[in-house]
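K.L.:
The following comprises the amino acid sequence and a computationally predicted model.
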Amino acid sequence: MSEPTVRIQKVRRDTLKIRLIVFGTLAALLLIGSIFSEHLTPYDPYLQDLMNTKAPPSAEHPFGTDRYGRDMLSRVIVGSRTSIFSTLLLVTIITVTGTVVGVFCGWHGKWTDTLLMRISDMFLAFPGLVFALAVAGVLGGGLHNAIIALAAISWPKYARIARSQTLAQKETAWMKAVKLSGSGTGKIILKHILPNIIGPILVTSMLDIGTMMMELAGLSFLGLGAKPPTAEWGSMMSDTRSLLATAPWVTLAPGVAIFVSVMIFNLLGDTVRDWADPKMRGR
Amino acid sequence: MRTYVVKRLIQLIPVLLGITFLSFAMMRIAGSDAITELYGDKGAVAQEIVDAKRAELGLDRPFLTQYVSWLGGLLTGDMGKSYVSGRDVFQTFVSKLPATLLLTALSILLTVIISIPLGVLAAVNHDRLIDYALRVLSFIGNSLPNFFVALLLMQLLAIRWKLLPVLSSGTGLKSAVMPTLTLAIAMSAKYMRQVRATVLEELNKEYVAGAKARGIRDRVILWRSVLKSSMLTIITLLALSVGSLLGGTAIIESIFMWDGVGKLAVDAITLRDYPIIQAYVVWMAVIYVLVNLITDLLYHALDPRIRLGVSRE
């Protein structure tokens, strides 16, 4: 490797580090902000001001006010908790479920592996959102059911990754050494396999946060997720759709919030992926 | 070739069986059925009426019997009757399907028109300003939820500039503009990236350097060789995105009141009209798998390497 190449790589690594810090901080701010959202609102999000309804954005109300004169910025801030945390919960559920199933299949093999992998094939051979719609529709609306619906269709991807990674680990020479040293199955999986396969899985979950947030908001928008009075961005948008002609800021403000959050999580996800796999950079 | 097609069609069967069984099972587990929905808001209804309606719809039979009889009906084109309107589900679907297929086809067309030239442009100008600009654009497009794009377009094109009707009236081309645009924006953002990556990979192959060294003009290399061989991957990726498009049409159709199967399904979901939801899942699965099959066949027809590999078997 020639000297200039090494230097270019170092520069790239440095910009990557800066990106990681910047986007990581933004995401952390978003998370912390949503935890303390109730204390961060400039106005009471439920306080009606009937003298000042459907006011356009101004210095006083940056996102305007809705049909009851409630401050939209405060409402969007309060909605962040449900939107962001339900997304993170969903991603955690599919990551854990997928990983458990995948490691089990990869380690155990035999007929359970065949059965579970055929089931995951079935999900992968089918447009996911269509099925999520049907599941959410059948279970009835509600945030819990929307999370279940999306989890039901999203775990197979993780199971696939975890399974192939586990299989690859199983074949290594050092795994034989671990087995020979007399470790039990539980210890091998937790202490030796999991730490080695968790990288690619976590990168995938980071990349999925944005998509999941959009899909969850989409279900809520259709009335199949969070329902009023729970403040959630997707349902806030569908709730105020009739105001699109007279007070578009009321409908569009939560959309901007979704867009910005998804963007932050996508930027962070991309950066983490580049960090983990330099070959993928710039794709 | 024919055995291959038959093999692929047979592979479709377990997928469909599994999907229908799962959704059927869930509807039963969910507990509340169309009867509770039907009479739920009408106060106390005599148990006899409820039982009679239940028997009429066949909801009193054991689960497996219901599933098998539904499956049997499916094979003869009978998907039952809507719980709500009482109309034949199969007929309803066939009448609404063309609208959805039109919307899907238009969106794919627009996606191809937008993303292939831009993707190639970005790849050719790798790491230059235009490449960065297009990458940022595609990144933004990827982070926009489609219902947000829909409302944004509605606000700008229909309400502020009054160029188009707010909601679809029928399935004319004028009403198709906004839903098509919405679907194509999201798809193009994703697809442009893939086109760029594919062309970039092809451009980095050794034969390109060889052709350049022999003095062949860049434009000729790009059009005659690079694009020709990238096209295969590009077509496959396009077909793979049809799945997400089918899911997306449901939201977009109901926002723009586009009278297709997506809107039908969303309406059925709010009314718990199970036969329609069920039919929607089956139709989408069939369309999706058929699109993938056609892509595969196209791939075989276009790539002599694969074609020869198959005929050797």
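P.N.:
It's in.

K.L.:
which helix of the chain spans the most residues?
P.N.:
Here I'm looking at chain A. Selection of the longest helix in chain A by residue count, based on DSSP state H, yields helix A:72-108.

K.L.:
you looked at the wrong chain, it should be chain B
P.N.:
If you go by DSSP H, chain B has its longest helix at helix B:89-124.

K.L.:
Just checking it against chain A, any contact.
P.N.:
No. Figure legend: helix B:89-124 not in contact with chain A (Cβ under 8 Å from any Cβ of the partner chain); closest approach 11.0 Å. The C-beta positions use only the backbone N, C-alpha and C, and glycine is treated the same way.

K.L.:
elements contacting that helix?
P.N.:
Here helix B:89-124 is seen to pack against helix B:129-142, helix B:173-203, helix B:227-256, helix B:261-271, helix B:274-302 when contacts are counted using 3 or more Cβ pairs under 8 Å, 6 or more residues apart in numbering or on different chains; DSSP states H and E.

K.L.:
hey, where'd the helices end up in chain A?
P.N.:
In chain A, the helices defined using DSSP H lie at A:3-35, A:37-40, A:72-108, A:110-124, A:128-139, A:143-170, A:173-180, A:185-187, A:194-221, A:233-239, A:248-276.

K.L.:
Find the residue at the geometric middle of the chain.
P.N.:
Since you didn't name a chain, this refers to chain A. Per Cα atoms, centre = their mean, the C-alpha nearest to the average position across chain A is that of A:I209, at 1.9 Å.

K.L.:
try chain B instead
P.N.:
The centre of chain B sits closest to B:L246, judged by Cα atoms, centre = their mean, with a distance of 2.0 Å.

K.L.:
wait, doesn't it sit right on B:T104?
P.N.:
Yes. Under the contact definition of Cβ atoms under 8 Å, B:L246 touches B:T104, with a separation of 7.1 Å.

K.L.:
Now the common contact residues for those two.
P.N.:
Residues within reach of B:L246 and of B:T104 at once, by Cβ atoms under 8 Å, 6 or more residues apart in numbering or on different chains: there are none.

K.L.:
ok, how many other residues are close to the residue in chain A that chain B sits nearest to?
P.N.:
Across chain A, the shortest distance to chain B (Cβ to the nearest Cβ) belongs to A:L129, at 2.6 Å. When neighbours are counted by other Cβ atoms under 10 Å in any protein chain shown, A:L129 registers 23.

K.L.:
How about it: what's its closest non-neighbour residue?
P.N.:
Residue nearest to A:L129 in three dimensions, not counting chain neighbours: B:G247, with 2.6 Å by Cβ to Cβ, 6 or more residues apart in numbering or on different chains.

K.L.:
picking that back up, now mean pLDDT too, for the helices and strands packed on helix B:89-124, in a markdown table please.
P.N.:
As requested, the helices and strands packed on helix B:89-124 are exported to a markdown table (pLDDT from 0 to 100):
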| stretch | mean pLDDT |
| --- | --- |
| helix B:129-142 | 90 |
| helix B:173-203 | 87 |
| helix B:227-256 | 80 |
| helix B:261-271 | 86 |
| helix B:274-302 | 79 |
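
K.L.:
can I get those helices in TSV with distance to B:L74?
P.N.:
Formatted as TSV, these follow (distance: least, Cβ to Cβ, whole Å):
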stretch	distance to B:L74
helix B:129-142	37
helix B:173-203	29
helix B:227-256	19
helix B:261-271	16
helix B:274-302	7
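
K.L.:
Run a quick neighbour tally on B:L156.
P.N.:
14.

K.L.:
now do A:T246
P.N.:
Neighbourhood size, A:T246 [other Cβ under 10 Å]: 10.

K.L.:
how close does it get to B:V89?
P.N.:
Computed with Cβ to Cβ, to the nearest Å, the distance linking A:T246 and B:V89 is 39 Å.

K.L.:
Same question for A:D71.
P.N.:
Distance, A:D71 to B:V89, using Cβ to Cβ: 47 Å.

K.L.:
do A:H108 as well
P.N.:
Counting by Cβ to Cβ, the gap between A:H108 and B:V89 amounts to 42 Å.

K.L.:
of these two, who's got more company?
P.N.:
Using other Cβ under 10 Å as the criterion, A:H108 and B:V89 rank with B:V89 on top: 25 against 13.

K.L.:
Let me know the secondary structure of the closest residue to that one other than its chain neighbours.
P.N.:
What sits nearest to B:V89 in space, not counting adjacent residues and going by Cβ to Cβ, 6+ apart, is B:M79, at 4.0 Å. Using DSSP: H, G, I helix; E, B strand; the rest coil, the secondary structure recorded for B:M79 is coil.

K.L.:
I'd assumed B:I277 was in contact with B:M79.
P.N.:
No. When contacts are counted by Cβ under 8 Å, B:M79 is not listed as touching B:I277 (11.0 Å).

K.L.:
Now do the shared contacts for these two.
P.N.:
What both B:M79 and B:I277 touch, as defined by Cβ under 8 Å, 6+ apart, is an empty set.

K.L.:
and those two? which has more neighbours close in?
P.N.:
When neighbours are counted by other Cβ under 10 Å, B:M79 and B:I277 differ, and B:I277 comes out ahead with 24 against 21.

K.L.:
How about the residues of the stretch 151-283 of chain A by chain B?
P.N.:
Taking Cβ under 8 Å from any Cβ as the criterion, the stretch 151-283 of chain A approaches chain B at residues A:210, A:214, A:217-218, A:221-224, A:234, A:237-238, A:241, A:244-245, A:248, A:251-252, A:255, A:258-259, A:262-263, A:266-267, A:282-283.

K.L.:
Just the buried residues out of the residues you listed, in ChimeraX syntax.
P.N.:
Per 16 or more other Cβ atoms under 10 Å in any protein chain shown, the buried members of these correspond to this ChimeraX selection:
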select /A:210,214,217,218,221,222,223,224,234,237,238,244,248,251,252,255,258,259,262,263,266,267
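
K.L.:
Can you list the buried residues in the helix or strand harbouring B:T3?
P.N.:
Under the criterion of DSSP states H and E, B:T3 resides in helix B:2-29. Within helix B:2-29, the residues that count as buried by 16+ other Cβ under 10 Å are B:L12, B:V15, B:L16, B:G18, B:I19, B:T20, B:L22, B:S23, B:F24, B:M26, B:M27.
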